[in-house]
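Colleague: Here is the input, now give the coordinates:
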Amino acid sequence: MPAPSFVIRICNWDQARIDAGRIRELVFVREQGVPPDLEMDGQDAHCDHALAYAADGAAAGTGRLLQDGHIGRMAVLQEWRGKGAGALLLQTLVEQARSRGDTRVRLNAQTSAAGFYQRYGFEVSGPEFMEAGIPHVPMQRDLNCGPG
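Modeller: As a prediction, the model looks like this:
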């Protein structure tokens, strides 16, 4: 069976709110136990949001890009993990940052997911820390190092 294909949409929070909010609620709040007031941090209105949609139109994942080049709130619903949605979301957000002139993107990866981000050119840039009771590492990627 071939891997599913996804369509990635870049949109503002008004357009992303329903699908991205539902995905983040399921992944971060219900699955990982992040307090809702930490998950909804008031930054969404100032971000570019990426949403991954499966061929049947189902929203599968989301992520956001803040004005300072920080990628965050990367989440893929459990049934879509390992099928390419996360990679496409990340690549789309990196390209969005590059297209607007950012020279570096940063993120705080859950430590268990650091290997995923390293496959896409991110490097650990500081010590591990706890956020919402989950170990994280800061990571960054320089966008001035040629193509890719």
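
Colleague: Buried residues, stretch 103-122. List them.
Modeller: Using 16 or more other Cβ atoms under 10 Å as the test for burial, stretch 103-122 gives 105-110, 114, 117, 121-122. The way it works is simple: take the backbone N, C-alpha and C, and place the C-beta from them, glycine included.

Colleague: Need the max-distance pair from these.
Modeller: Gln110 and Gly121 (18.0 Å; Cβ to Cβ).

Colleague: contact partners of stretch 67-84?
Modeller: Stretch 67-84 is contacted from outside by 3-6, 20, 23-24, 26-28, 31, 39, 46-47, 52, 54, 59-66, 85-86, 89-90, 93-94, 97, 102-108, using Cβ atoms under 8 Å, 6 or more residues apart in numbering.

Colleague: what's the distance between it and the middle of its chain?
Modeller: Counting by Cα atoms, centre = their mean, to the nearest Å, stretch 67-84 is centred 3 Å from the centre of its parent chain.

Colleague: buried set for that stretch?
Modeller: Within stretch 67-84, the residues scored as buried using 16+ other Cβ under 10 Å are 69-77, 80, 83-84.
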